[in-house]
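Take this sequence and fold it.
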Amino acid sequence: QVQLVESGGGLVQPGGSLRLSCAASGRTFSSSAMGWFRRAPGKEREFVATISWSGASTVYTDSVKGRFTISRDNAKNMAYLQMMSLNPEDTAVYYCAATDPTWNGYISSRDSNYKYWGQGTQVTVSS
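Below is the predicted model of the structure:
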């Protein structure tokens, strides 16, 4: 059974940092693009960041550029999202996603290209 499990969320003060982790199991995702998405209260799910299978390419939504860093460790079947300078607008449930390894793309910000999804981890930024 393929699973993506996020961890590392929590409550943090504005200006603080968190590191989200995504543990993949059930198959290897070394050939998959990995992405992070989020859903804020009352809003639709939105793209946050993505990384190519090799880690050579990354893409970020404008609101997190310079503050968030996506990375991966294919040997451990893990993906990460380092978040810094957090603000209340970053409050959301964060989801890890992976493309099917047979997907013929390279990197994508479109959620429709992701086949596997985690259950999400809550990030709350508040004083």
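
which residues touch the spatially most central residue of the chain?
Averaging the C-alpha coordinates of the chain gives a centre point, and the residue nearest to it by Cα atoms, centre = their mean is W36 (2.1 Å). Each residue near W36 by Cβ atoms under 8 Å, 6 or more residues apart in numbering is listed here: 20, 22, 48-50, 70, 79, 81, 94-97. To be clear about C-beta, it is placed using only N, CA and C from the backbone, and glycine gets the same treatment.

quick one, strands of this structure?
Under the criterion DSSP state E, strands of the chain are mapped to 3-7, 10-12, 18-25, 34-39, 45-51, 58-60, 68-73, 78-83, 92-98, 116-117, 121-125.

So which residues make contact with the fifth one?
What that stands for is strand 45-51. Counting contacts by Cβ under 8 Å, 6+ apart, the residues touching strand 45-51 from outside are 33-40, 57-61, 64, 68, 70-72, 79, 81, 94-95, 107-111.

rewinding a little: okay, the strands of the chain in a markdown table with mean pLDDT next?
Formatted as a markdown table, the entries for the strands of the chain read as follows, by pLDDT from 0 to 100:
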| stretch | mean pLDDT |
| --- | --- |
| strand 3-7 | 97 |
| strand 10-12 | 98 |
| strand 18-25 | 96 |
| strand 34-39 | 98 |
| strand 45-51 | 98 |
| strand 58-60 | 98 |
| strand 68-73 | 98 |
| strand 78-83 | 98 |
| strand 92-98 | 98 |
| strand 116-117 | 96 |
| strand 121-125 | 98 |
